[in-house]
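Novice: Give me a 3D structure for the following:
(2 chains)
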Protein chains: 2
Amino acid sequence: MTVYLVGAGPGDPELLTVKATKALASADVLIHDRLADPRIYDLTPSHCVRIDVGKRAGESLQQEAINDLLVIHGRTDGNIVRLKGGDPYVFGRGAEEAQKLREHRIPFVVIPGISSCLAVPAAAGVPVTCRGIAASFTVVTGHRRVGDEQATNWEALAQVGGSIVVLMGVEERATIARRLLQGGLPPDTPVAAIRRGTHADQTVIRTRLDTLHATPLVAPVTLVIGTVAALDLSSEHWTNEVELQLTAG
Amino acid sequence: MTVYLVGAGPGDPELLTVKATKALASADVLIHDRLADPRIYDLTPSHCVRIDVGKRAGESLQQEAINDLLVIHGRTDGNIVRLKGGDPYVFGRGAEEAQKLREHRIPFVVIPGISSCLAVPAAAGVPVTCRGIAASFTVVTGHRRVGDEQATNWEALAQVGGSIVVLMGVEERATIARRLLQGGLPPDTPVAAIRRGTHADQTVIRTRLDTLHATPLVAPVTLVIGTVAALDLSSEHWTNEVELQLTAG
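Specialist: Here you go, the predicted model:
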């Protein structure tokens, strides 16, 4: 019996690791979040029991119920795959699940995944670090959960000097921007707001910190705040140009 | 002609993404850093030309020379894979390479990789985020490079309230610890120092911020600083215990 806590990456099945595909192929039970691409579920064998514990119309299983499911199935003989979007330890509550498994002495293995905090900016042409521009990056959730005592000191974060990646920050963006400005970030600090990052229908809106509050955005959005957000390293647009020229010629 | 800027992950070939293995399998030219596991090079076809631009006895090709190599090969008809450890945009100078390719209008695709900044702590049983403990994490390089004007404000970072992951920080650890303490982090802040993380010979040393300077460490080490560094979610040790009991019984 082993429970695999597996990161599924940002959506594209090809961004799974080889190790994750092997874990899925050996799964007797799959306990999964609602993922961006359901083809990933099909990597499990036909006998695999699939349990969807993801959000549905705003509802989701309580974390405690998910932990119990893991313990119950983890005591059986099979291979249990707990599949989570992105990386299990980046805001995925994977730490709580691992803690629970450890308490119950159920062996588990963590298989890291491509986190959207890196893959989404990259897909939008924004590198989170860049020599001479950003020697650090901070990944922070903008979502305030009940029971989360650990608050972010946005004013201090404004002084650190690196890139800031905000996940789940759309609703709180006015507050976040105000506090970063109060902390000393310049009003014209570039912001890239990436919706459906890494997906075919990805959109990128470029704005600045002082106008972020008024920029129309619909969740889910990844915000990148800092000088790197002005970079556009994607080759997509001018590749299209080149192709158009070739076609026209 | 396309250049693939590919993240190889932390070492284990199974932590490559499926997309990365496909890029390698289609490579006509492989331009690679010195990776932790050379089996990854063997995923290229037999006709593939391999160019090692990684560090060797302290020497490495100048970045400008690597950029030129990418442009020269990027103008040919083949598939060029530029393979880098971890993720291309996390301290890998991938941003500079992408910028150069863009300047020369050479089409390129970035394939993200599992960054050691997440995978190494996870392998040591340390989650970088944990509900109620850390709502953010900052990844920062401790290495000072000539020409890097962008300095980290460690005193401000001490006030942010999240986990801190320091890559390449062994040599500067006395300075880093002193500045974080000056910034207000408590002397007993937990520190996990992980050497050869994710590898079979991985070692984890647990210490505290006020004794970090005196803790004997040999590079390369990943430092995790913050309350999460006291967690040990790995199931390895007690799995061994269970096995020993079974054997003894």
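
Novice: Check what pLDDT the residue nearest the centre of chain A gets.
Specialist: In chain A, the residue lying closest to the centroid (C-alpha atoms, centre = their mean) is residue A:116, at 3.4 Å. Looking at residue A:116, its pLDDT is 95.

Novice: Please name the nearest non-neighbouring residue to it.
Specialist: Nearest residue to residue A:116 in three dimensions, chain neighbours excluded: residue A:10, at 4.5 Å (C-beta to C-beta, 6 or more residues apart in numbering or on different chains). Every residue, glycine included, has its C-beta placed from N, CA and C.

Novice: likewise residue A:225?
Specialist: residue A:164 (4.2 Å).

Novice: what do you get for residue A:67?
Specialist: residue A:100 (4.2 Å).

Novice: What degree of burial does the one you found show, as a neighbour count?
Specialist: 20 (other C-beta atoms under 10 Å in any protein chain shown).

Novice: Chain A: helices as residue ranges?
Specialist: A:18-25, A:63-74, A:94-103, A:116-123, A:154-160, A:173-182, A:236-248 (DSSP state H).

Novice: what about chain A, any weak spots by pLDDT?
Specialist: By pLDDT under 70, the low-scoring segments of chain A are A:56-60, A:145-150, A:235-249.

Novice: Pick the most buried one from the helices of chain A.
Specialist: When the helices of chain A are scored by mean count of other C-beta atoms under 10 Å in any protein chain shown, the highest mean neighbour count falls to helix A:116-123 (a mean of 29).

Novice: Quick check: phi and psi on the closest residue to residue A:232 other than its chain neighbours?
Specialist: Leaving aside its chain neighbours, residue A:232 sits nearest to residue A:125 (4.4 Å; criterion: C-beta to C-beta, 6+ apart). The phi/psi pair for residue A:125 (degrees, to the nearest 10) reads phi 80, psi 20.

Novice: check contacts around residue A:125.
Specialist: A:204, A:231, A:232, A:233, A:234, A:236 (C-beta atoms under 8 Å, 6 or more residues apart in numbering or on different chains).

Novice: and the first one, how many neighbours?
Specialist: For residue A:204, the number of neighbouring residues by other C-beta under 10 Å comes to 21.

Novice: Quickly list what the residue nearest to residue A:225 is bridged to.
Specialist: With DSSP bridges as the criterion, residue A:164 is bridged to residue A:138, residue A:225.

Novice: which residues sit in contact with it?
Specialist: A:137, A:138, A:140, A:157, A:180, A:223, A:224, A:225, A:226.

Novice: Could you report the separation of residue A:125 from residue B:11?
Specialist: 28 Å (C-beta to C-beta, to the nearest Å).

Novice: so what's residue A:162 up against?
Specialist: A:129, A:134, A:135, A:136, A:137, A:138, A:226, B:138, B:140, B:150, B:152.

Novice: So what's the residue count around the residue lying closest to the second one once chain neighbours are set aside?
Specialist: In space, not counting the residues next to it along the chain, residue A:134 is nearest to residue A:163; the distance is 4.5 Å by C-beta to C-beta, 6+ apart. Residues lying near residue A:163 (other C-beta under 10 Å) number 26.

Novice: Same question for residue A:81.
Specialist: 28.

Novice: Can you tell me, leaving aside adjacent residues, what's nearest to it?
Specialist: residue A:27 (4.1 Å).

Novice: Distance check, that neighbour against residue A:85.
Specialist: 17 Å.

Novice: ok, now residue A:22?
Specialist: With C-beta to C-beta as the criterion, residue A:22 and residue A:85 are 19 Å apart.

Novice: Can you report how many residues neighbour the residue nearest to residue A:116?
Specialist: So residue A:10, with other C-beta under 10 Å, has 28 neighbours.

Novice: Roughly how far does it sit from residue B:14?
Specialist: From residue A:10 over to residue B:14 (counting by C-beta to C-beta), the distance is 19 Å.

Novice: can you check residue A:87 too?
Specialist: Counting by C-beta to C-beta, the gap from residue A:87 to residue B:14 is 16 Å.

Novice: Same drill for the two, tell me which one is more crowded.
Specialist: Applying other C-beta under 10 Å to residue A:87 and residue B:14 shows that residue A:87 carries more neighbours, namely 32 against 16.

Novice: before we move on, the earlier item: when residue A:27 and residue A:85 are compared, which one has more neighbours?
Specialist: Using other C-beta under 10 Å as the criterion, residue A:27 and residue A:85 rank with residue A:27 on top: 26 against 23.

Novice: That one: what's it in contact with?
Specialist: A:4, A:44, A:45, A:48, A:78, A:79, A:80, A:81.

Novice: Would you mind checking those for buried ones?
Specialist: By neighbour count, with 16 or more other C-beta atoms under 10 Å in any protein chain shown, those hold A:4, A:44, A:48, A:78, A:79, A:80, A:81 as buried.

Novice: what's the farthest-apart pair in those?
Specialist: The most widely separated members of these, counting by C-beta to C-beta, are A:4 and A:48 (12.6 Å).

Novice: Can you say which two of the contacts of residue A:164 are spatially most distant?
Specialist: Of all pairs in these, the most separated under C-beta to C-beta is A:137 and A:180 at 14.5 Å.

Novice: rewinding a little: out of the helices of chain A, which is closest to residue B:191?
Specialist: helix A:94-103 (18.0 Å).

Novice: For residue A:96, give its distance to chain B.
Specialist: 6 Å (C-beta to the nearest C-beta, to the nearest Å).

Novice: quick one: that residue and residue B:33, what's the gap?
Specialist: 36 Å.

Novice: Around the residue nearest to residue A:123 when sequence neighbours are not counted, how many other residues sit close by?
Specialist: Take residue A:123 and drop its neighbours on the chain: the residue closest to it by C-beta to C-beta, 6+ apart is residue A:198, 4.4 Å away. For residue A:198, the count of nearby residues is 21 (other C-beta under 10 Å).

Novice: Now do the contacts for residue A:198.
Specialist: Neighbours of residue A:198 in contact, by C-beta under 8 Å, 6+ apart: A:10, A:11, A:12, A:15, A:116, A:119, A:120, A:123.

Novice: What of residue A:75?
Specialist: Here residue A:75 is in contact with A:1, A:104, A:106 (criterion: C-beta under 8 Å, 6+ apart).

Novice: Try it again at 10 Å.
Specialist: A:1, A:3, A:104, A:105, A:106 (C-beta atoms under 10 Å, 6 or more residues apart in numbering or on different chains).

Novice: cool, residue A:9 as well?
Specialist: Counting by C-beta under 10 Å, 6+ apart, residue A:9 has contacts A:15-17, A:20, A:35-37, A:40, A:85-87, A:112-116, A:119, A:198, B:17-19, B:112, B:114.
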